[in-house]
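Trainee: what would the 3D arrangement of this be:
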Amino acid sequence: MNIPGQVNLQKLAEGLADAQVGQPEVTLRSGECLEEELLELLAGWRRVAAMPFGIWEELSAVRLDRDQLPPEAWSLLRGRIFGPGGDLEVRRQGARFQWRLIGPGGMQLAAAPNQGEDFWAEPSNAKQWFYRSEATFLLWGEGDGKGRWHEDRVGAAQLAYPVNASWGRVQIRARLFCRNGQVEFVWYQGLEEHHGDRQN
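Mentor: Coordinates of the predicted model:
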């Protein structure tokens, strides 16, 4: 008998077992590069994996686009390319950028020297595992049907998302990887239309 609101522990346990992932299921790499090497790093990884979306935090603006890289690296503070093929995040540290990549297990690697270090190669990480879960993050703004989104709380912001102009609300679909109750890695997988409280 299933009482409304009652938790089915067996089903929950089966779901957790299915969500347990390790080295065979997920690629984790990291590294650093000089500012003048950044655009080639981003282009190199984009060539081998489906990561069409980009979020770019620059000195004067934040942009979200599709199939574009920043024209130059000097004004970039943080950036991210992502999609179903992986998620590469970069963060400025002075004249260098540190980067982190997450993607499917057995992911094809970018050309050297942009391969970075393999998380799983460290002996203490080799047998680690994570719980994987799905999440969505709602982006600012309500669409006007003409490819512009407006949010009163950030009225001066020019919100533009590289999606169908008819979408009302936009969200990022993500995969979370947790260990010991803490989120350790987040893989942004794409953009999709938000449909209220309905499950997508």
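
Trainee: domains for the protein, by residue range?
Mentor: Domain ranges of the chain: 23-104, 131-193, per automatic domain parsing.

Trainee: pLDDT (mean, whole number) over the first one?
Mentor: Averaged over domain 23-104, pLDDT sits at 93.

Trainee: and that domain, end to end?
Mentor: 10 Å (C-alpha to C-alpha, to the nearest Å).

Trainee: so how far is that domain off the chain centroid?
Mentor: Averaged C-alpha coordinates place domain 23-104 at 10 Å from its chain's average position (C-alpha atoms, centre = their mean, to the nearest Å).

Trainee: same check, this time on the last one
Mentor: Going by C-alpha atoms, centre = their mean, the spacing between the C-alpha centre of domain 131-193 and its chain's C-alpha centre is 11 Å.

Trainee: burial of the residue lying closest to residue 60 once chain neighbours are set aside, as a residue count?
Mentor: Counting by C-beta to C-beta, 6 or more residues apart in numbering, residue 75 is the residue found nearest to residue 60 once chain neighbours are left out, at 7.5 Å. (C-beta placed from N, C-alpha, C; glycine too.) Using other C-beta atoms under 10 Å, residue 75 is surrounded by 14 other residues.

Trainee: residue 75 reaches residue 59, doesn't it?
Mentor: Yes - using C-beta atoms under 8 Å as the test, residue 75 is close enough to residue 59 to be in contact (4.8 Å).

Trainee: per-residue pLDDT, residue 188?
Mentor: We have a pLDDT of 97 for residue 188.

Trainee: neighbours of it, how many?
Mentor: Based on other C-beta under 10 Å, the number of other residues close to residue 188 is 21.

Trainee: start at 39, not 1
Mentor: Done: numbering now begins at 39, and the last item shifts to residue 226.

Trainee: bridged to it, which residues?
Mentor: Beta-bridge pairing of residue 226 under DSSP bridges involves residue 212.

Trainee: and it, what does it touch?
Mentor: Shown in contact with residue 226 (C-beta atoms under 8 Å, 6 or more residues apart in numbering): 91, 118, 120, 121, 125, 210, 211, 212.

Trainee: which of those residues sits closest to residue 174?
Mentor: residue 211 (5.6 Å; C-beta to C-beta).

Trainee: ok, that closest one to residue 123 distance?
Mentor: Remark: distance between residue 211 and residue 123 (C-beta to C-beta, to the nearest Å) = 14 Å.
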